[in-house]
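Asker: Sharing a model that was predicted from the sequence below.
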Amino acid sequence: MTEIAFLGLGSMGLPMARRLLDAGHPLTVWNRTASRAEPLAAAGARVARTPAEAVAGAAVVVTMLADPAAVTAVLLDAAPALRPGAMVVEMSTIGPDAVHALAARLPAGTALVDAPVMGSTPRARAGELTILAGGGAVARVEPVLAALGTVVRCGPLGSGAALKLVNNTAVITALAAVAESLALAASLGVDREAAERSLAAGPLAGVMARAADTESRFALGLASKDLRLAHDAAGGLPLAAAAGERLRATAEAEGAAADLSAVVRRPRTAPPGRTTPRGEHPDPRTYRREAPVLKAIDNPTTVPAPAGAYSHVARLDTDPSRPHTLLFLSGQIALDEKGELVGLGDMTAQSRHVMELIARILRAHGAGLDDIVNIRTFLTDMDLLPEYGAVRAEYLKGDPPTSTTVEVARLFRPGALLEVEVVAAVG
């Protein structure tokens, strides 16, 4: 077994680190917010306070961070503590230029492998990632990477990072092209479902499957970062630039944390007159009650526009002829019917469960998620905001409510990663 240090426990890093731990490797982990490492600590991993403390004595150091700046900062902080002959496996998406720059700044004798991954969070949990590995030392680290998925040897140092940009650029621009094609279908009066079926039956089947994917988590903000890296590497890519504009427009509407599929996805609402039989639980992302929604969103032009998926002001109708009731929901955490915590260490799973609970409570009072006028979220790790934001964007589809999100040291239930309370207006 190999002593490993894992730096960065985001939505992909956490399940990847868990795979290495479950494979029997002695594991030390570091994350900017230490609470993110609690599930791994409970399973036997050692939690370090700094990157340097994490890498001390490790034979293999794995980085899984957001961007080139983060990778460089963390590894340069850790570099003085790297043991002679240590191997650094860089698994983020940072591009080949950043990989070569990093290699030049690591201590002499340190071997570097660039090994970004293709695959979603569920595939990371299952150990089914495709690992695009570059560098002359791939063979030395391949037994460790085998716990994460299938290793594809791409060539010299930087070739894995380069191929990752190629793949991501193709996927992102293809999704943007599908969105444009569906817009054309609407302009020509072609039924959307018919257009989607036709596209899915042809060579774009894989792209359409990604557009309909509800499990993968690739934030619009990260996708935009990847397109910028590709654009800079090639000295200009017109199609990627156009796709980047569509991503930015979608991020303005749904938030930078929303999944890439939001570029294609249309708002999902129930058909007029739809009713839900007693005992059924409709998908709260599509459920709308028939009573009028009383809230009115107001974003004054005298202040900067909201930076994400929220609004500055929610105004309620006070006309006596249209009485309304305010519902104040207690903070909800991801507890099931037995009082057990759902999704230990998984922000996406806990966020989904919390939103489902809120939707059920609102339905019991004749309301829906569109009636929310204020939402307050308490996170134990602000690094996990993109995961929560992606789920929230799936459920809150109308005009966004007013919003407050803060980081707290802990919640009343150990292991709970978030608590959400809302106020809703019911007609």
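Answerer: Received the coordinates, thanks.
Asker: So which residues of the protein form helices?
Answerer: For the chain, the helices defined by DSSP state H occupy 13-22, 38-42, 51-55, 68-78, 96-105, 121-126, 138-145, 159-187, 192-200, 205-211, 220-234, 238-254, 347-364, 385-395.
Asker: could you dump those to TSV with mean neighbour count, mean pLDDT and distance to residue 424?
Answerer: C-beta: built from backbone N, CA, C; applies to glycine. As requested, those are exported to TSV (neighbours: other CB atoms under 10 Å; pLDDT from 0 to 100; distance: least, CB to CB, whole Å):
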stretch	mean neighbour count	mean pLDDT	distance to residue 424
helix 13-22	22	96	32
helix 38-42	17	94	32
helix 51-55	22	97	44
helix 68-78	18	93	38
helix 96-105	17	94	46
helix 121-126	18	91	30
helix 138-145	18	96	48
helix 159-187	19	95	32
helix 192-200	14	94	30
helix 205-211	16	92	31
helix 220-234	20	91	27
helix 238-254	18	87	21
helix 347-364	20	91	6
helix 385-395	24	91	13
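Asker: Could you point out which of those sits nearest residue 407?
Answerer: helix 385-395 (8.7 Å; CB to CB).
Asker: what's the span of stretch 397-413, first residue to last?
Answerer: The first and last residues of stretch 397-413 sit 29 Å apart, counting by CA to CA, to the nearest Å.
Asker: Check the gap between residue 312 and residue 399 for me.
Answerer: Using CB to CB, to the nearest Å, residue 312 is found at 12 Å from residue 399.
Asker: what's the answer for residue 155, then?
Answerer: Residue 155 sits 50 Å away from residue 399, going by CB to CB.
Asker: Could you do residue 123 as well?
Answerer: Counting by CB to CB, the gap from residue 123 to residue 399 is 35 Å.
Asker: And residue 360, by the same measure?
Answerer: 22 Å.
Asker: And residue 375, by the same measure?
Answerer: 13 Å.
Asker: Quickly list what residue 27 is bridged to.
Answerer: Note on residue 27: beta-bridge partners by DSSP bridges are residue 4.
Asker: Burial check on it, number of neighbours?
Answerer: Residue 27: 26 surrounding residues under other CB atoms under 10 Å.
Asker: Contacts only, for it.
Answerer: 4-6, 17, 20-21, 40, 44-46 (CB atoms under 8 Å, 6 or more residues apart in numbering).
Asker: Greatest separation within those residues: which pair is it?
Answerer: The two members of the contacts of residue 27 with the most space between them (CB to CB) are 5 and 44, at 14.8 Å.
Asker: Between these two, which is the more surrounded one?
Answerer: residue 5 (30 against 10).
Asker: Thought residue 53 was touching the more buried one, still the case?
Answerer: No. Contact between residue 5 and residue 53 fails when scored by CB atoms under 8 Å: they sit 9.1 Å apart.
Asker: overlap in contacts of those two?
Answerer: residue 30.
Asker: The closest residue in space to residue 149 that isn't next to it in sequence - how many residues pack around it?
Answerer: Nearest non-adjacent residue to residue 149, counting by CB to CB, 6 or more residues apart in numbering: residue 129, 3.4 Å away. Applying other CB under 10 Å, we find 25 residues neighbouring residue 129.
Asker: Touching, residue 129 and residue 116? I think so.
Answerer: No. The pair residue 129 / residue 116 is not scored as a contact, 9.8 Å apart, by CB under 8 Å.
Asker: now residue 195: how far from residue 201?
Answerer: Between residue 195 and residue 201 the distance is 11 Å, computed by CB to CB.
Asker: Low-confidence stretches in the stretch 201-350 of the chain?
Answerer: The stretch 201-350 of the chain contains residues with pLDDT under 70 at 266-303, 306-309, 314-323.
Asker: Is residue 372 in contact with residue 424, as I believe?
Answerer: Yes. In this structure residue 372 lies within contact range of residue 424 using CB under 8 Å: 5.0 Å.
Asker: Now for those two: what residues contact both?
Answerer: By CB under 8 Å, 6+ apart, residue 372 and residue 424 have these common neighbours: residue 362.
Asker: mind giving me the domain split of the protein?
Answerer: Taking automatic domain parsing as the reference, the chain has its domains at 4-157, 163-263, 295-426.
Asker: So what's the gap between the second one and the chain middle?
Answerer: Computed by CA atoms, centre = their mean, to the nearest Å, the chain-centroid distance of domain 163-263 equals 16 Å.
Asker: next one: stretch 391-398
Answerer: Centroid separation for stretch 391-398 versus its chain: 14 Å, with CA atoms, centre = their mean.
Asker: Near residue 426, how many other residues are there?
Answerer: Residues lying near residue 426 (other CB under 10 Å) number 18.
Asker: Tell me who's in contact with it.
Answerer: Contacts of residue 426 (CB under 8 Å, 6+ apart): 291, 294, 324-327, 365-367, 371.
Asker: now with 6 Å?
Answerer: Residues in contact with residue 426 (CB atoms under 6 Å, 6 or more residues apart in numbering) are 325, 366-367, 371.
Asker: From residue 363, how far off is the nearest residue to residue 65 once chain neighbours are set aside?
Answerer: Nearest non-adjacent residue to residue 65, counting by CB to CB, 6+ apart: residue 8, 4.3 Å away. Taking CB to CB as the measure, residue 8 falls 39 Å from residue 363.
Asker: and what of residue 140?
Answerer: As judged by CB to CB, residue 140 and residue 363 stand 56 Å apart.
Asker: Residue 178 too?
Answerer: 33 Å.
Asker: Residue 55 now?
Answerer: From residue 55 to residue 363 the distance is 50 Å (CB to CB).
Asker: residues near residue 304, how many?
Answerer: Every residue meeting other CB under 10 Å relative to residue 304 is counted, giving 9.
Asker: which ones are touching it?
Answerer: Applying CB under 6 Å, 6+ apart to residue 304 gives no contacts.
Asker: Could you measure from it over to residue 74?
Answerer: Taking CB to CB, one finds residue 304 at 32 Å from residue 74.
Asker: just to revisit the earlier point, residues that sit against both of residue 312 and residue 399, list them.
Answerer: The overlap between the contact sets of residue 312 and residue 399 (CB under 6 Å, 6+ apart) is empty.
Asker: need the contact list for the closest residue to residue 246 other than its chain neighbours.
Answerer: Excluding the flanking residues, the one nearest residue 246 by CB to CB, 6+ apart is residue 176, at 4.7 Å. Counting by CB under 6 Å, 6+ apart, residue 176 touches 243, 246, 263.
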